[in-house]
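Novice: take this sequence and fold it.
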Amino acid sequence: AKLISIGYDYQGGYGLGAGTFDNKADDKNWPQDSVNVLNSRGLRLGFNIPVVSRTNLVWQMGANYWEQRYAIEGLNGEPVNSPHPLIQSLQQNGLRTLGVNTTLFKPLDDRRFLLFQGSADLNGDFSLPGLMPLKYLKYSAALIYGIRPNEKKQWGLGIARTYRVGELNYIPVFLFNWTDRSNKWGSEILFPARAHVRYTFNPRNMLFGGFELEGQSYRLWDSPSLMSYNLRGEDLEIRRGEIRLRAMYEFSLKDFVWMSVQAGYRINYRYEVDRLVDGREIYRAFGLLSDAPYVMENRLGNPLYFQVSVNLVSP
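Specialist: Predicted coordinates:
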């Protein structure tokens, strides 16, 4: 377990096409625009504190801070002078996540266990001195019933409430952790959130290959450019979801201080703007329960990305 993690995430250049939006409030047309994102990058901090660590119960509490800053230029290398409020907001404010989380591991007997994970996150274009109201918190949770046939294998089934693809969904989840007899090859899978194959060179050097889904719903709260469109009270959110295909190398620097280096390809899954109805999200269930259109559909290119972190791990 990573008790303290300090990292930096960097995505290379890609194109951003911001779509149109018909603002019913004043019958203005939201201009369409395309720009080049030179890079998007940000700090990633994570903290996990063991609260209870006993044979019959393990409980951890944690907190995290992620940011996504955008360096943008106009087409043909020109300075950004976009009339599009979304592009202005990304350029000026970026996106941030500030949250708390908890994990409970409860053995039922020698072979069966329950695993619960929950989080509350504040996501938006806010700055740290000017946080959004806590009423905008997004809640995620997962509960898994698992079986551990032996020390080298555990698997389980459960259900999750998640924003990992950018909008609220309730989905089944599958857990499968395994290590072979030689302690060289293994897997760490919590599907569909992430899945990795692991190769252990030795207890202090490990290589992973696989994917992870990332995403959240971000409130457009601190965007002065939206005021001219009378949209501040419209409850607009960016539904951001992405797939990260990646390789990770984790190794011990000294004792319990480890470094993690990962590189891969970021695939855009969703980057649409949606409106809340009477303060409530439109629950689409992958389009099965609602065919309501997004208020703005955007296009993002798929760049290479790089991430590095230094971690204090548990003994």
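Novice: quick check: chain neighbours aside, which residue is closest to P50?
Specialist: Q60 (5.5 Å; Cβ to Cβ, 6 or more residues apart in numbering). Bear in mind the C-beta positions are built from the backbone N, C-alpha and C, glycine included.
Novice: which ones are touching the one you found?
Specialist: 1, 48-51, 102-103 (Cβ atoms under 8 Å, 6 or more residues apart in numbering).
Novice: if you rank those by neighbours, which is first?
Specialist: Neighbour counts for these, by other Cβ atoms under 10 Å, peak at N48, which reaches 21 neighbours.
Novice: is it true that that residue touches V58?
Specialist: No - N48 is not in contact with V58 according to Cβ atoms under 8 Å; the separation is 11.5 Å.
Novice: grab the CA positions of the helix or strand where R161 lies and hand them over as CSV.
Specialist: Take DSSP states H and E as the rule and R161 turns out to sit in strand 153-162. C-alpha atoms of strand 153-162 as CSV (Å, rounded to 0.1, in the frame of the first residue of the first chain):
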residue,chain,number,x,y,z
LYS,A,153,-4.9,-16.2,-5.6
GLN,A,154,-8.0,-14.2,-4.7
TRP,A,155,-11.0,-13.4,-6.8
GLY,A,156,-14.3,-11.7,-6.3
LEU,A,157,-17.5,-10.2,-7.8
GLY,A,158,-19.3,-7.0,-6.9
ILE,A,159,-21.0,-3.8,-8.0
ALA,A,160,-19.7,-0.2,-8.2
ARG,A,161,-21.1,3.3,-8.4
THR,A,162,-18.5,5.0,-10.5
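Novice: which positions within it qualify as buried?
Specialist: Residues of strand 153-162 classed as buried: 154, 156, 158, 160, 162 (neighbour count, 16 or more other Cβ atoms under 10 Å).
Novice: list the contacts of the following helix or strand past that strand.
Specialist: Proceeding N to C from strand 153-162, the next assigned helix or strand is strand 169-179, under DSSP H and E. By Cβ under 8 Å, 6+ apart, the residues outside strand 169-179 that reach it are 115, 142, 144, 146, 152-163, 185-193, 198, 285-286.
Novice: hang on, the earlier thing: between N48 and V58, what contacts are shared?
Specialist: Between them, N48 and V58 share the contacting residues T103, judged by Cβ under 8 Å, 6+ apart.
Novice: give me the neighbour count for the closest residue to I267 other than its chain neighbours.
Specialist: Spatially, and ignoring its direct neighbours in sequence, I267 is nearest to I243 (4.3 Å; Cβ to Cβ, 6+ apart). When neighbours are counted by other Cβ under 10 Å, I243 registers 20.
Novice: can you check the one 3 residues further on too?
Specialist: For R246, the number of neighbouring residues by other Cβ under 10 Å comes to 20.
Novice: ok, now which ones touch it?
Specialist: Counted by Cβ under 8 Å, 6+ apart, R246 has contacts 209-212, 262-265, 305.
Novice: and L115, which of the three is it?
Specialist: Under the three-state scheme (DSSP: H, G, I helix; E, B strand; the rest coil), L115 adopts strand.
Novice: can you get me the start-to-end distance on stretch 171-186?
Specialist: Criterion Cα to Cα, to the nearest Å; first-to-last residue distance in stretch 171-186 is 25 Å.
Novice: equivalent analysis for stretch 74-83, please.
Specialist: 12 Å.
Novice: repeat that for stretch 180-200.
Specialist: One end of stretch 180-200 to the other measures 11 Å (Cα to Cα).
Novice: what does stretch 179-188 give?
Specialist: End-to-end distance for stretch 179-188, by Cα to Cα: 9 Å.
Novice: re earlier: ok, of the buried residues of strand 153-162, which one's closest to N202?
Specialist: N202 has its nearest neighbour among the buried residues of strand 153-162 in Q154, at 22.9 Å by Cβ to Cβ.
Novice: for the closest one, which non-adjacent residue is spatially closest?
Specialist: R148 (4.3 Å).
Novice: what do you get for G210?
Specialist: H196 (3.4 Å).
Novice: on that earlier part again, dump the buried residues of strand 153-162 into TSV; add pLDDT and distance to L90 as well.
Specialist: Output for those, formatted as TSV (pLDDT from 0 to 100; distance: Cβ to Cβ, whole Å):
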residue	pLDDT	distance to L90
Q154	96	41
G156	98	39
G158	98	35
A160	97	29
T162	95	24
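Novice: can you show me the strands along the stretch 1-150 of the chain?
Specialist: 2-11, 14-18, 21-23, 28-30, 33-54, 57-73, 95-107, 112-124, 138-150 (DSSP state E, counting those that start in this stretch).
Novice: P315: which of the ones you listed is closest?
Specialist: Nearest of those to P315, taken as Cβ to Cβ: strand 2-11 at 9.7 Å.
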